[in-house]
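Participant: Sequence unavailable; structure follows:
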DNA sequence: GACAAGCTACTACAAAAGTAGTAAATTCAG
DNA sequence: CTGAATTTACTACTTTTGTAGTAGCTTGTC
């Protein structure tokens, strides 16, 4: 396997990665333009962040088009998100319960959501051994 | 509204607050000693963080015992946690679903947890007969 | 009332994160 | 080939966060 390394991304770096995940791959300019306006700082700033991401091993250059490098993510959005969640969970004492409770209390989580989860969960449970990592397109989010 | 509750805490500051939340209130020394060993840096470091928390309005001095000040939290663990969750949720596009999915996928969330939630949630809403009255996003945001 | 012990106040500095400028290299159009 | 546009490489500065030292103020104790 490549590197199981847990790369830590800052908030801004996450934004960059988000843009890149959306693009699939792209040049600094493309990434820059992909950023939502309010978060779009100078082109060279983006460049700097990309370089740092490269240093961290979060992205890599895959080719050159014109005189510009094309970058590609080396980590998945999934794993990055997972990392953030784990970090948060730690603060909560490692248990998901309080987190859930918070979500529910603030109305971010409906009974409907829960029901949905309930029907999804057993699957994941039983397949925890199978090595088949088929990334079903959009099983999780398609509605709403 | 007493004050603006958009206090952002760093990781370390959260640790301090955590200690203080556990204590209810306490002196710098008590807070220092409450910290888990691995995170316990110099006494003066804790002091500095407490001062910054004071500046931010996250804690306040309530009295003096001997020549030491006793501090008390000004924000609840709840609200701090909520803030963190919201921040995370933002990265996830604002929806709790992907977050839940992650939790489930990584085994952090058991079917049991879900069932538990399920039985807790309806309380906040109401029973389970009427169709969808559940758009009550924030109807009852009591004290805050 | 002099002192040791403890606490606060103030200051400092390094590392991380955010932001961006400038010079040199590359490339494409003529 | 030449020059302009574009991109990269390198450097630099600011703010925030983590970390801690030191001087001086308080206090309880003889």
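Facilitator: Here it is on my side, so go on. Just so it is clear, the model here is predicted, and its values are computed rather than measured. Numbers count the residues shown, from 1 in each chain, chains lettered A, B, ... in the order given.
Participant: Which residue, neighbours along the chain excluded, lies closest to the residue sitting nearest the centre point of chain A?
Facilitator: Here the mean C-alpha position of chain A is nearest to the C-alpha of residue A:77 (CA atoms, centre = their mean), at a distance of 2.5 Å. Once flanking residues are discounted, residue A:77 sits nearest to residue A:21: 4.7 Å by CB to CB, 6 or more residues apart in numbering or on different chains. C-betas here are computed from N, CA, C, even on glycine.
Participant: domains of chain A?
Facilitator: A:11-73, A:92-126 (automatic domain parsing).
Participant: Would you mind measuring from the residue lying closest to residue A:25 once chain neighbours are set aside to residue A:27?
Facilitator: Nearest residue to residue A:25, sequence neighbours excluded (CB to CB, 6+ apart): residue A:72, at 4.2 Å. Separation of residue A:72 from residue A:27 (CB to CB, to the nearest Å) stands at 11 Å.
Participant: can you check residue A:12 too?
Facilitator: With distances taken as CB to CB, residue A:12 is found 19 Å from residue A:27.
Participant: Those two: who's more crowded?
Facilitator: residue A:27 (19 against 15; other CB atoms under 10 Å in any protein chain shown).
Participant: Backbone dihedrals for the more buried one, please?
Facilitator: phi -80, psi 170 (degrees, to the nearest 10).
Participant: Could I get the full set of strands for chain A?
Facilitator: Secondary structure of chain A by DSSP state E: the strands cover A:59-65, A:68-73.
Participant: for those strands, which one sits closest to DNA strand D?
Facilitator: For DNA strand D, the closest of those is strand A:68-73, at 3.6 Å, according to CB to the nearest atom of the strand.
Participant: How far away from the center of its chain is the closest one?
Facilitator: Mean-position distance between strand A:68-73 and its chain equals 18 Å (CA atoms, centre = their mean, to the nearest Å).
Participant: Report how many residues lie close to residue A:120.
Facilitator: 17.
Participant: With residue A:29 instead?
Facilitator: Residues near residue A:29, counting by other CB under 10 Å: 12.
Participant: how much space between it and residue A:39?
Facilitator: Taking CB to CB, one finds residue A:29 at 16 Å from residue A:39.
Participant: Quick check: buried residues in stretch A:82-93?
Facilitator: A:82, A:84, A:85, A:88, A:89, A:91, A:92 (16 or more other CB atoms under 10 Å in any protein chain shown).
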